[in-house]
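Visitor: The sequence and its predicted three-dimensional model are supplied below.
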Number of protein chains: 2
Amino acid sequence: MKTFSIAKSRRLRSTPYTSRIEKQGVTAYSIYNHMLLPAAFGSIEDSYNHLKKNVQVWDVAGERQVEIIGNDAAKLVQLMTCRDLSKSRDGRCYYCPIIDDKGGLINDPVILRFNINRWWISIADSDVILFAKGLAIGNKFEVDIFEPDVNIMAVQGPKSFKLMEKIFGEKITKLKFFDFDYFEFKGTKHLIARSGWSKQGGYEVYVENTSSGLELYDHLFDMGKEFDVKPGCPNLIERIESALLSYGNDMDNNDNPFECGFDKYINLDSNVVFLGKENLKKIQSLGIKRKLMGVQIDAKSINVSGSIDLKDENNNKIGELRSGCYSPYFGKVIGIAMIKKPFWEVSQTLKIDINDQTFDGKVCDLPFI
Amino acid sequence: MKTFSIAKSRRLRSTPYTSRIEKQGVTAYSIYNHMLLPAAFGSIEDSYNHLKKNVQVWDVAGERQVEIIGNDAAKLVQLMTCRDLSKSRDGRCYYCPIIDDKGGLINDPVILRFNINRWWISIADSDVILFAKGLAIGNKFEVDIFEPDVNIMAVQGPKSFKLMEKIFGEKITKLKFFDFDYFEFKGTKHLIARSGWSKQGGYEVYVENTSSGLELYDHLFDMGKEFDVKPGCPNLIERIESALLSYGNDMDNNDNPFECGFDKYINLDSNVVFLGKENLKKIQSLGIKRKLMGVQIDAKSINVSGSIDLKDENNNKIGELRSGCYSPYFGKVIGIAMIKKPFWEVSQTLKIDINDQTFDGKVCDLPFI
């Protein structure tokens, strides 16, 4: 596969960690919310193997925050998501599909509730801040909306718990999945959530005090030697095996949350007011005609840079592959695909062309593991 | 300078021209509206020299369109820009700052008016569609808003006129700057504007029929041999010399349009209703405290990947460099900088650190040439 370099500029924002990861051997970037997101430190498969056994520190500052504060903050946040947040509580993270009035997905952030009048939307790759501003202005909501100077570093992997305990004490091991709290590092309090974009366990540090955050970054590497800590980044193989969906890759504004398997985050029977509610009810009653499924393909490598058609034996298009990688666990290519009805049955066979060669595969459930 | 590869994925969308430009020697990409934007075909200086003498074809599909259609379309478009569009006419392009209720810049698109109820916003790099949707929903406007399947190819350079005349006939040479019309190529009509992101002259073809557009792309190279046609892309050197501002690089949501020198596109005395009008009046009456200016630096190279401080002899920060390049025309580095009052005088001297070395420079007017 040909590689192309990234043309850096101020518009593709650096993070506070960029100069560090460039010394530590980052080799490839993606762009996420107009910001550099590391995508590889050499071999992705080596990083995958390391992540599943040890601990990594990730620069995920590209997960920007949209802060919404004010008397109508809760109303605005609820308006944007089909998940019922009326029983949400302070100090908790909520994975929430954000949808427009048609029911099309706009983002799939984690939303942090500080209190009923202050929220952070920790966004995937689209300018949710502009949607929020437009809605707030149009509805004359009493809110202030801005992007705070927050740069997340994630600590991920099975040994992240030991490493974080060594630095923050036993208290941090009590933090429940998707809870957040403040923890002190050398006199500075940092917001830390038990979350992260892998299924290997870990934390996300929402760094607001950059200089303390950078000191913490370095300290994690000093203290982590015994756990073989390494720099890393969201790992393509691990995230596909774990079926962590990626907005823009696996789904976009042309997809609705039912098609993406978000059923448990769609609360149509609740009394709360959100955009697209009537359209989602209609979609539910009619039934969806396609949905995200896993696929397994008898191939040894793949590079997905756009949708790739999936066909049945008669050359009918049955869906499209949207993400994919070689999985060392399965010894074959796996991927996430939007599959049309009635082909979304497990074990439906399929054919796919990769580099002018045709390979066989089959549909399967998500997650893979 | 270290280079890093771009990690491709469906989220960083390919364009219909991607496979062609990869055969033609593209070497670097930027990302623009979640899409691949070519940034170099080998040496940027060679491309610059070629562009100023000949003709190039550019894949600028990343300039996405936000289509706004319906009875309230004009009202919504006007709401988003401080430029008075009440006297706008069909078939014409308008460069318009888009601002939020605070007066902060959100984008600086070219807006195309088809008729009073149908517009395209040809956007710089931010999700204007989400802002438009939010405003339309909040205001209950009767509009439909979507991203049409339009992929612009630009034909730029002094010989673009001869090349386009050869293909579309003499009629296209009569098209006035920033007018658009439909021109036929082998039975398919294409929307073509006399516009483009260089000051070397040329056209932008808003390709809606992809297969005809690809045929036209190839035909431009066949017909253009006598004009030494080459593939190209927005050129860093040419655009800085010409002071074509770049949203995200030279300005962002923290800047207001007065600071960016957009005075002639800010129509505060008009009767039209737009966001931030009262705030802009306040800013105008108080006077701005910084503005975009040119700088010339006695150095032979620079890579700008973030703001770089500019200081006076006493080490006071006088502003920050946001874009820069070595200019063959001036034989030194030039750049676009936000300069604080009272340092924004032409000939104000400055110091800048580039790769741990200090260089001298001075402030100058924009554009440079």
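Guide: Everything's here; your move.
Visitor: mind checking which helix or strand A:Ala74 is in?
Guide: helix A:73-80 (DSSP states H and E).
Visitor: can you list contacts of that helix?
Guide: The contact list for helix A:73-80 (CB atoms under 8 Å, 6 or more residues apart in numbering or on different chains) reads A:68, A:85-86, A:96, A:98-99, A:106, A:111, A:116-119, A:121, A:128, A:131-132, A:135-136, A:139, A:141, A:143, A:272-275. Placement of C-beta: from N, CA and C, glycine included.
Visitor: which of those come close to chain B?
Guide: Residues of the contacts of helix A:73-80 in contact with chain B (CB under 8 Å from any CB of the partner chain): A:106, A:128, A:131-132, A:135-136, A:139, A:275.
Visitor: For chain B, what's the nearest residue on the stretch 251-369 of chain A?
Guide: Nearest residue of the stretch 251-369 of chain A to chain B: A:Ser305, at 3.9 Å (CB to the nearest CB).
Visitor: Show the contacting residues for that residue.
Guide: Each residue near A:Ser305 by CB under 8 Å, 6+ apart is listed here: B:8-10, B:12, B:14.
Visitor: for A:Ile31, same thing?
Guide: Contacts for A:Ile31 were tallied using CB under 8 Å, 6+ apart; they are A:6, A:12, A:37, A:62, B:12, B:31.
Visitor: Who does it form a beta bridge with?
Guide: A:Ile31 has these beta-bridge partners by DSSP bridges: A:Leu36.
Visitor: Any figure for the gap between it and A:Val60?
Guide: Distance, A:Ile31 to A:Val60, by CB to CB, to the nearest Å: 13 Å.
Visitor: repeat for A:Gly276
Guide: Taking CB to CB as the measure, A:Gly276 falls 29 Å from A:Val60.
Visitor: all strands for the stretch 1-150 of chain A, in order.
Guide: A:5-6, A:28-32, A:35-40, A:56-59, A:65-69, A:92-95, A:98-99, A:105-107, A:110-115, A:118-122, A:144-146 (DSSP state E, counting those that start in this stretch).
Visitor: Which is the succeeding secondary structure element to the top helix by length along chain A?
Guide: Criterion DSSP state H: the longest helix present in chain A is helix A:210-223. Downstream of helix A:210-223, the next assigned helix or strand under DSSP H and E is strand A:230-232.
Visitor: Helices along chain A, start to end?
Guide: Ranges of helices in chain A, per DSSP H, are A:18-23, A:44-53, A:73-80, A:128-139, A:160-168, A:210-223, A:236-241, A:277-286.
Visitor: Let's see the pLDDT reported for A:Asp228.
Guide: If you check A:Asp228, the pLDDT there is 98.
Visitor: And for it, nearest residue in space, chain neighbours not counted?
Guide: Counting by CB to CB, 6 or more residues apart in numbering or on different chains, the nearest residue to A:Asp228 once its immediate chain neighbours are dropped is A:Asn54, at 4.6 Å.
Visitor: ok, the one you found to A:Tyr48 distance?
Guide: 11 Å.
Visitor: Can you check the pLDDT for the residue of chain A most remote from its centre?
Guide: Within chain A, A:Asn314 marks the point farthest from the mean C-alpha position, 35.9 Å out by CA atoms, centre = their mean. For A:Asn314, the pLDDT comes out at 93.
Visitor: Likewise for the one 4 residues further on?
Guide: We note a pLDDT of 98 for A:Ile318 in this prediction.
Visitor: my guess is it meets A:Thr349, correct?
Guide: No - counting by CB atoms under 8 Å, A:Ile318 sits too far from A:Thr349 to count as a contact (9.4 Å).
Visitor: which neighbours do these two share?
Guide: Common neighbours of A:Ile318 and A:Thr349 (CB under 8 Å, 6+ apart) are A:Asp312.
Visitor: can you tell me which residues contact the closest residue to chain B within chain A?
Guide: Nearest to chain B, among the residues of chain A, is A:Gly138, at 1.6 Å (CB to the nearest CB). Residues near A:Gly138 by CB under 8 Å, 6+ apart: B:134-140.
Visitor: now the residue lying closest to it once chain neighbours are set aside: how far from B:Ile145?
Guide: Nearest residue to A:Gly138, sequence neighbours excluded (CB to CB, 6+ apart): B:Gly138, at 1.6 Å. Using CB to CB, B:Gly138 is found at 13 Å from B:Ile145.
Visitor: now swap in A:Pro231 and tell me
Guide: Distance of A:Pro231 to B:Ile145, given as CB to CB: 41 Å.
Visitor: Could you do A:Leu292 as well?
Guide: Taking CB to CB as the measure, A:Leu292 falls 26 Å from B:Ile145.
Visitor: Now the common contact residues for A:Ile31 and A:Val60.
Guide: Common neighbours of A:Ile31 and A:Val60 (criterion: CB under 8 Å, 6+ apart): A:Leu37.
Visitor: Using TSV, lay out the helices of chain A together with mean pLDDT and distance to B:Lys282.
Guide: TSV is the format used below for these (pLDDT from 0 to 100; distance: least, CB to CB, whole Å):
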stretch	mean pLDDT	distance to B:Lys282
helix A:18-23	98	37
helix A:44-53	98	51
helix A:73-80	98	25
helix A:128-139	98	17
helix A:160-168	98	46
helix A:210-223	98	31
helix A:236-241	97	47
helix A:277-286	98	39
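Visitor: Need the winner for burial among those.
Guide: Stretch with highest mean neighbour count among the helices of chain A: helix A:128-139 (a mean of 25; mean count of other CB atoms under 10 Å in any protein chain shown).
Visitor: distance of A:Val150 from A:Phe161?
Guide: Plainly put, A:Val150 is 23 Å away from A:Phe161 if you go by CB to CB.
Visitor: Of the contacts of A:Ser305, which ones also sit close to chain A?
Guide: Restricting the contacts of A:Ser305 to those near chain A - CB under 8 Å from any CB - leaves B:8-10, B:12, B:14.
Visitor: how about A:Gly213, what does it touch?
Guide: When contacts are counted by CB under 8 Å, 6+ apart, A:Gly213 touches A:16, A:151, A:153, A:190, A:205, A:207.
Visitor: Would you convert those residues into JSON lines that also reports distance to B:Trp344?
Guide: JSON lines is the format used below for the contacts of A:Gly213 (distance: CB to CB, whole Å):
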{"residue": "A:Pro16", "distance to B:Trp344": "29"}
{"residue": "A:Asn151", "distance to B:Trp344": "31"}
{"residue": "A:Met153", "distance to B:Trp344": "38"}
{"residue": "A:His190", "distance to B:Trp344": "39"}
{"residue": "A:Val205", "distance to B:Trp344": "40"}
{"residue": "A:Val207", "distance to B:Trp344": "34"}
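Visitor: among those, which two are most distant?
Guide: Farthest-apart pair in those is A:Pro16 and A:His190; separation 13.4 Å (CB to CB).
Visitor: so what's in contact with these two at the same time?
Guide: A:207, A:213.
Visitor: thinking again about what came up before, model confidence at the residue nearest to A:Asp228, what's the number?
Guide: Per-residue pLDDT puts A:Asn54 at 98.
Visitor: Looks like it contacts A:Glu226 (just checking).
Guide: No - the criterion here is CB under 8 Å, and A:Asn54 misses it with A:Glu226 at 10.4 Å.
Visitor: Which one's more surrounded, the two?
Guide: Applying other CB atoms under 10 Å in any protein chain shown to A:Asn54 and A:Glu226 shows that A:Asn54 carries more neighbours, namely 20 against 10.
Visitor: Was I right to think A:Ile21 contacts A:Pro231?
Guide: Yes - A:Ile21 is within contact range of A:Pro231, at 5.7 Å (criterion: CB under 8 Å).
Visitor: what do the two both touch?
Guide: A:38, A:41, A:59.
Visitor: Tell me the confidence at the last one?
Guide: Predicted confidence (pLDDT) at A:Asp59: the value is 98.
Visitor: how many neighbours does it have?
Guide: A:Asp59 sits with 26 neighbouring residues when counted by other CB under 10 Å.
Visitor: residues from the stretch 101-250 of chain A in reach of chain B?
Guide: Residues of the stretch 101-250 of chain A lying close to chain B by CB under 8 Å from any CB are A:101, A:106, A:125-128, A:130-140, A:246-249.
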